[in-house]
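Student: using only what follows, build the 3D model:
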Amino acid sequence: MKFSVYSLFPNLIEYYLQDSLLAKASEKGLLEFNIQDLRKFATDKFKHVDDKPYGGGSGMVIRVDIADKAIEEVKNDYIAPDEVILLSPSGEKFDQKIAEELAQKKHIAILSARYEGFDARVESLVSRELSIGDYILMGGEIAALAIIEATARLVPDVIGDVNSHQQDSFSSGILDYPSYTRPEEYKGLKVPDILLSGHHAKIAAWRQEQAKKRTQLRRPDLLD
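Tutor: Numbers count the residues shown, from 1 in each chain. A predicted model of the protein is given here:
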């Protein structure tokens, strides 16, 4: 699977991708990353890609012609993108269901903004707008990485245990059950006896019950 990201700070993304399971998956040929600097499409010697907004107001806006050049470039890639995603606070909220959908694609392209975002006309040039939550970041690089990691881990063989992601929170529609490891007791806090029983059927039933209880207590909206 391939991810292409266009950003004003590509080094922030590349640095993260140089380590962890994503780097190993890239070395194995399971994932491919194409991280580009939006400034490469600037036409002046100062590499300006933004301008003041029409009608006044604070901040700077990334120009539509700059974004369009990036989109045209990625569309001419040897693997045409299945999705060209604009990161935007007004976009559809990214969740596990969308990650699972994107994981079925061969190539995902992402436009990452800074300043006051992209010219609104860019919305008509992309296939989808996504947001990772109702809060404001200084740029889209963290959002791009969140989408990449949540999606890439669902690609076969990227994570070691093929069944691992199926048991995680949100994959089943509810939160995950609580997990414990050694030591058996720490500062008066003990591992539940059922987990030490060796009775796999009872352990599975307990975990399912705990997952439902956690969801009811902490995220009842998921049950709705």
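
Student: quick one, what contacts the closest residue to Arg121 other than its chain neighbours?
Tutor: Nearest non-adjacent residue to Arg121, counting by Cβ to Cβ, 6 or more residues apart in numbering: Val64, 4.4 Å away. For the C-beta atoms, the positions are set from N, CA and C on the backbone; glycine is no exception. Contacts of Val64 were listed using Cβ atoms under 8 Å, 6 or more residues apart in numbering, and they are Phe118, Asp119, Arg121, Val122, Leu125.

Student: got it, and Tyr15?
Tutor: Neighbour list for Tyr15: empty [criterion: Cβ under 8 Å, 6+ apart].

Student: which secondary structure element is home to it?
Tutor: helix 10-17 (DSSP states H and E).

Student: for the record, mean pLDDT for that helix?
Tutor: Throughout helix 10-17, pLDDT has a mean value of 96.

Student: who's in contact with the strand of greatest length in the chain?
Tutor: Using DSSP state E, we find that the single longest strand of the chain is strand 83-93. The contact list for strand 83-93 (Cβ under 8 Å, 6+ apart) reads 71, 74-75, 98, 102, 105, 108-113, 117-118, 122-123, 125-134, 136, 140, 143-144, 147.

Student: any idea of the pLDDT on the residue nearest to the spatial centre of the chain?
Tutor: Residue closest to the mean C-alpha point of the chain, counted by Cα atoms, centre = their mean, is Ile147 at 1.2 Å. pLDDT, Ile147: 98.

Student: list the contacts for it?
Tutor: Counting by Cβ under 8 Å, 6+ apart, Ile147 touches Ile85, Phe94, Ala99, Leu102, Ile108, Ile110, Leu130, Ile132.

Student: next structured bit after the helix or strand of the chain with the lowest mean pLDDT?
Tutor: Every helix and strand of the chain was ranked by mean pLDDT, DSSP states H and E. The lowest is helix 164-167, at a mean of 56. Under the assignment DSSP H and E, the closest C-terminal helix or strand after helix 164-167 is strand 185-186.

Student: list the strands paired with that following strand, with their directions.
Tutor: If you go by DSSP bridges, strand 185-186 pairs up with strand 189-190 (antiparallel).

Student: show me the domain layout of the protein.
Tutor: Split into domains by automatic domain parsing, the chain comes to 2-152, 172-223.

Student: what's the most buried one of the ones you listed?
Tutor: domain 2-152 (a mean of 17; mean count of other Cβ atoms under 10 Å).

Student: who are the packing partners of the longest helix along the chain?
Tutor: The helix that spans the most residues within the chain, counting by DSSP state H, is helix 200-218. If contacts are counted by 3 or more Cβ pairs under 8 Å, 6 or more residues apart in numbering; DSSP states H and E, helix 200-218 sits against helix 220-223.
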